[in-house]
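Peer 1: Turn this into a structure:
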Amino acid sequence: MAKVLGVTGGIGSGKSFVCGVFKSLGCKVYDSDSRTKELYEEKPEILAGLVKILGKGILRKGKLDKKAMAGIIFSDRGLLEKVKDFVYPFVMEDFRLWKRWKRGTVVFESAVILENEYVRSFMDKTLVVTAPLKERIRRVMERDSSSEEQVRARLGSQVSDKERLSLADFTIESVQGEDIEKKVKLILEQMN
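Peer 2: Got it, this is the predicted structure:
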């Protein structure tokens, strides 16, 4: 049976880049953000539940308007928690089915591993990816064409790196000049 390494970190920390390194070394990676978006399309009961929680304003032509949803949940931590509590059982069941025939170490990439006990219960170990705040803001502004104010609002809805690091088994700082592949290999050795 596969061992599960949860890779987490705040927005713009470099989680996806680090997961790409794991993938290049042969690990299977479950990208929970991308998969969750696919599940919104595949499972009508998820969309119906989201409308019940957030209202019909999250729909555009009967489909989920992810920007409208983000605008609501990232400005209201209570609603964000309700959405997570509703959606994550669907995601974790999908993950359980995805990993059942995998061997070695598999990677579960998600921003909410450590702050959600239910999600954390699926992990054998956790890796927190960090980066300096200015760098994270710059990355997200470039990636999402967001304003600094929008990025800071999203950052404010997430737990701090300090909180994440207190619960981490491993850490990697995702900055230029770091030998991330070497650090990933060391983590894989410790997972086996």
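Peer 1: Output the contacting helices and strands for the longest helix along the chain.
Peer 2: When the chain is parsed with DSSP state H, its longest helix is helix 77-99. Counting by 3 or more Cβ pairs under 8 Å, 6 or more residues apart in numbering; DSSP states H and E, the packing neighbours recorded for helix 77-99 are strand 28-31, helix 32-42, helix 44-54, helix 66-73, helix 117-120. C-betas here are computed from N, CA, C, even on glycine.
Peer 1: Can you list the strands that whatever helix or strand comes next after that helix pairs with?
Peer 2: Note on helix 77-99: by DSSP states H and E, the next helix or strand toward the C-terminus is strand 105-109. Sheet pairing for strand 105-109, assigned by DSSP bridges, gives strand 3-8 (parallel), strand 28-31 (parallel).
Peer 1: now the longest helix of the chain and helix 44-54, what's the angle there?
Peer 2: 170 degrees (axes from the mean of the first three to the mean of the last three Cα atoms, to 10 degrees).
Peer 1: Quick check: buried residues in helix 77-99?
Peer 2: 79-80, 82-84, 87-88, 90-92, 94-95, 99 (16 or more other Cβ atoms under 10 Å).
Peer 1: Please state the offset of it from the chain centre?
Peer 2: Distance, stretch centre to chain centre, for helix 77-99: 11 Å (Cα atoms, centre = their mean, to the nearest Å).
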